[in-house]
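>>> turn this into a model:
(one chain, ligands or ions: 2)
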Amino acid sequence: MCPRPSGGFARAGGAEPGRRARRDNGAVTVDAGWSLVVPLKPLPLAKTRLTAGAAVRAELALAFAVDTVSAALACRAVRDVTVVTDDPAAGAALAALGARIVADTPADGLNAALAHGAAAVRARRPGAPVAALNADLPALRPAELAVALAAAPEAGRGFLADADGVGTTLLTAAPGADLAPAFGGASRARHRASGAVELTPAGVESVRRDVDTRANLDAALALGVGPRTAAAVRTSAASPG
Ligand SMILES: Nc1nc2c(ncn2[C@@H]2O[C@H](COP(=O)(O)OP(=O)(O)OP(=O)(O)O)[C@@H](O)[C@H]2O)c(=O)[nH]1
Ligand SMILES: C=C(OP(=O)(O)O)C(=O)O
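Ligands and ions are numbered 1, 2, ... in the order given. Below you'll find the predicted structure:
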């Protein structure tokens, strides 16, 4: 794997040709370029499986989200990123990166948040290809995300299993398809049973590497995490939490 650039990501490839391409498939005008929906819990409630004090957990959860959204925005296949969150500090930090923030209201769990975010995207851009991406992918690399999105089916839904092979980190819905998210726990089997196609591209470890536990974080550190997470991990190592 290539070394991670030290100062964040620049969007590679210049003019993002997919962004302006439009075609008509009959039922819906297809508007190229993925709109991502990223869910993020209120930080004080997030990442409870990390054995750390509340302040450290909140900082790590924010750092993971900042690095995930930065990498997503730098991906040439991505047109825009919508974060669904009720956390004001996280919302401000992620809006400053260029994400659109949608309130998680009425707060009704992860899948309701994702459906709400996808509806907000399609209200503005009915022909958008939409994908849900977890906010806990601190090693995410733009080029690997582009490979995963390129593997998505042109009709219907696709999903990428997490690194542990149990959950899901990415769920795609082509123009005209409902996202119908079924995240949480053993969502790989649930997404497969729902008719979504499992995506199996090679070389997308950073897209699969979600972080719930300390062991997951060590695995992400081995892949190479983004700068905000690297700093948060350094700070947490030096603090009692
Ligand atoms: N907006 C929103 N995001 C959520 C909600 N529940 C989970 N998420 C986000 O969904 C993604 C996957 O959730 P989990 O991996 O279970 O994250 P978590 O709940 O912080 O972690 P645990 O406390 O270990 O369960 C993370 O980006 C969460 O922040 C919710 O009710 N609303
Ligand atoms: C939300 C999910 O994962 P986890 O809670 O394991 O991060 C999932 O994989 O659907």
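
>>> can you count the residues close to Ala180?
16 (other CB atoms under 10 Å). To be clear about C-beta, it is placed using only N, CA and C from the backbone, and glycine gets the same treatment.

>>> confirm that it sits in a strand.
No: if the criterion is DSSP: H, G, I helix; E, B strand; the rest coil, then Ala180 is coil and not within a strand.

>>> the residue lying closest to it once chain neighbours are set aside: what's it in contact with?
Nearest non-adjacent residue to Ala180, counting by CB to CB, 6 or more residues apart in numbering: Ser194, 6.3 Å away. By CB atoms under 8 Å, 6 or more residues apart in numbering, the contact set of Ser194 is Arg157, Ala180, Ala182.

>>> now, which of these sits nearest ligand 1?
Ligand 1 has its nearest neighbour among these in Ala182, at 12.7 Å by CB to the nearest ligand atom.

>>> give me phi/psi at the residue lying closest to the closest one once chain neighbours are set aside?
Spatial nearest neighbour of Ala182, chain neighbours left out: Arg190 (4.3 Å); criterion: CB to CB, 6+ apart. Main-chain torsions, Arg190, degrees, to the nearest 10: phi -70, psi -40.

>>> please apply the same query to Ala128.
According to degrees, to the nearest 10, Ala128 has phi -70, psi 140.

>>> ok, it - contacts?
Counting by CB under 8 Å, 6+ apart, the residues that Ala128 touches are Asp31, Trp34, Ser35, Arg79, Val121, Arg122, Pro175.

>>> how many residues are close by Leu179?
22.

>>> which residues does it contact?
Leu179 neighbours (CB under 8 Å, 6+ apart): Val37, Leu114, Ala115, Ala118, Val130, Ala132, Arg157, Leu171, Ala173.

>>> now do 10 Å
37, 111, 114-115, 117-119, 121-122, 130-132, 157, 171-173, 196 (CB atoms under 10 Å, 6 or more residues apart in numbering).
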